[in-house]
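Engineer: Got a predicted structure plus its sequence, pasted below:
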Amino acid sequence: MVRMRNKCGQDVRDPDLERGLPVRNYIKKEIIKVMQKENPLKFKTFYNRRLPHIQPEEGIFFITYRLDFTYPEEYLSQLHKKQQEFEKLVLNTAKDKRKRKIEELNKILFDIEDNFLQKINSPQWLSNKEVATIIQDSLFFNHHKAYNLLCYCIMPNHVHVLLKPLKDPSNLYYSLSRIMHNHKSFTAQKCNKILKRTGTFWYPDFYDHYIRNEKELYNVVNYILNNPVKAGLCDNWEDWEFSWMNDDLLSL
């Protein structure tokens, strides 16, 4: 049983951790609690899927999505051990410092998974230039319509995107769920046709991170563009055919 103490020193239960809620979901849940207090939103999307998402108005978002495949048991076991470590760290962190700790641990979890994506023996369908071109063209199709596209990189088994949602005709911001659903549905059908296959193409969910300041924005752009270099696929990010940065970033 996982217990914490309240201000009176009494034991209190954390039901989420008692029932084995994965640390990423736990961490994101805590982030959402903080953001809901600090950012009262007229518009927010909250998806009941594997990963919770929250969308502040006029936000810039770093999104990562991957092909559909199953992680090996060995990796899942290693990840589970890391999650258990992080759960203890979160519980042992003072409440006034918990927000920073949660963001720090969530970033580590993302880095672990992203590094693993570069090494795993998985489908590499996005290495096919025709397939990558479909993904690229789809991203640009809704540029200036549903969002402003700021940066992207198409890797062999996953994609990194940085974008800023725009308002739709009803004056509401396009939700990340709507943007991703339209993009993934269209590209899955087209890519499967090229690859002469059927079945699920994309993993159903996606990771997103709300960019909070200018420093974080440029750190993320650097991360996205240098992903192929880090994976040993090229020596310079400009040599990677399927990556791009919007010149508008220079004036932000």
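Structural biologist: Sure thing, it's come through. The shown structure was predicted, so the numbers you read here are calculated from the model rather than taken from an experiment. Residues are numbered from 1 along each chain as shown.
Engineer: Tell me which residue is most central in this protein.
Structural biologist: Of all residues in the chain, the one closest to the mean position by Cα atoms, centre = their mean is Y207, 2.1 Å from it.
Engineer: ok, what's across the strand from it?
Structural biologist: In this structure, Y207 bridges to T64 when assessed by DSSP bridges.
Engineer: any low-confidence regions in the stretch 51-200 of the chain?
Structural biologist: By pLDDT under 70, the low-scoring segments of the stretch 51-200 of the chain are 51-56.
Engineer: which residues in it form strands?
Structural biologist: 61-66, 147-154, 158-165 (DSSP state E, counting those that start in this stretch).
Engineer: Now distance to F186 and mean neighbour count too, for those, in JSON lines please.
Structural biologist: Just so you know, the C-beta spots here come from the backbone N, C-alpha and C atoms, and that holds for glycine as well. Putting the strands of the stretch 51-200 of the chain into JSON lines (distance: least, Cβ to Cβ, whole Å; neighbours: other Cβ atoms under 10 Å) gives the following:
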{"stretch": "strand 61-66", "distance to F186": "14", "mean neighbour count": "20"}
{"stretch": "strand 147-154", "distance to F186": "15", "mean neighbour count": "21"}
{"stretch": "strand 158-165", "distance to F186": "14", "mean neighbour count": "23"}
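Engineer: you'd agree the residue nearest to the centre of the chain is up against F61?
Structural biologist: No - judged on Cβ atoms under 8 Å, Y207 makes no contact with F61 at a distance of 10.1 Å.
Engineer: looking at the strands of the stretch 51-200 of the chain, which is closest to D248?
Structural biologist: strand 147-154 (7.2 Å; Cβ to Cβ).
Engineer: Need the residues that contact stretch 115-123.
Structural biologist: Contacts with stretch 115-123, where a contact means Cβ atoms under 8 Å, 6 or more residues apart in numbering, come from 66-69, 71-72, 75, 155, 157-158, 227, 230-231.
Engineer: Give the buried residues for that stretch.
Structural biologist: Of the residues in stretch 115-123, L117, Q118, S122, P123 count as buried by neighbour count, 16 or more other Cβ atoms under 10 Å.
Engineer: now swap in stretch 97-116 and tell me
Structural biologist: For stretch 97-116, the neighbour count (16+ other Cβ under 10 Å) marks R98, K99, K101, I102, E103, L105, N106, L109, F110, E113, D114 as buried.
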